[in-house]
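Trainee: Let me see the structure of the following:
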Amino acid sequence: QVQLVESGGGLVQPGGSLRLSCAASGFTFSVYAMRWYRQAPGKEREWVATISNLGDSIRYGDSVKGRFTISRDNAKKTASLQMNSLKPEDTAVYYCNAELGRNHFWGQGTQVTVSS
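Mentor: Below you'll find the model as predicted:
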């Protein structure tokens, strides 16, 4: 059974940091690219970051570049998103996604709220 389980969300003040984790099971994690997306209330889902299956190619959306860092550990079958200098506009449900060709797997999401 394929599973992606996000964790690490919560409430943080502006300027603070959070680290999200995505634990994978039920598929060959090391051949899948991993992505993080987010969706704020009333808005479309937004791509945040991508890391290739071996971690040698990384891209970020313009809104998070320089503040967020995506990483992965293929031995532990986990992907992470380190989020620094958080802003209120980063408030959203964050989802991890695994992609290989036409195969896409999604987690259930974790809420991140940035507020004073």
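
Trainee: So for the helix or strand bottoming out on mean pLDDT in the chain, what gets flagged as buried?
Mentor: Ranking every helix and strand in the chain by mean pLDDT, DSSP states H and E puts strand 103-106 at the bottom, with a mean of 93. Across strand 103-106, burial judged by 16 or more other CB atoms under 10 Å covers F105. C-beta here means a position set from N, CA and C on the backbone, and glycine is covered the same way.

Trainee: now for it, which elements pack on it?
Mentor: Identification of packing neighbours for strand 103-106 by 3 or more CB pairs under 8 Å, 6 or more residues apart in numbering; DSSP states H and E yields strand 92-100.

Trainee: My read is that Q111 contacts V93, right?
Mentor: Yes. Under the criterion of CB atoms under 8 Å, Q111 makes contact with V93 at 5.4 Å.

Trainee: ranges for the strands of the protein?
Mentor: Listed in chain order, the strands of the chain (DSSP state E) span 3-7, 10-12, 18-25, 33-39, 46-51, 58-60, 68-73, 78-83, 92-100, 103-106, 110-114.

Trainee: Of those, which shows the lowest average pLDDT?
Mentor: Sorting these by mean pLDDT places strand 103-106 lowest, at a mean of 93.

Trainee: What pairs with it, parallel or antiparallel?
Mentor: Sheet pairing of strand 103-106 (DSSP bridges) gives strand 92-100 (antiparallel).

Trainee: ok, back up a step: between Q111 and V93, who's got more neighbours?
Mentor: The neighbour comparison of Q111 against V93 (other CB atoms under 10 Å) goes to V93, with 18 against 12.

Trainee: ok now do the nearest residue to that one once chain neighbours are set aside, which residues does it touch?
Mentor: What sits nearest to V93 in space, not counting adjacent residues and going by CB to CB, 6 or more residues apart in numbering, is G109, at 4.2 Å. Neighbouring residues of G109 by CB atoms under 8 Å, 6 or more residues apart in numbering: E6, Q39, V93, Y94, Y95.
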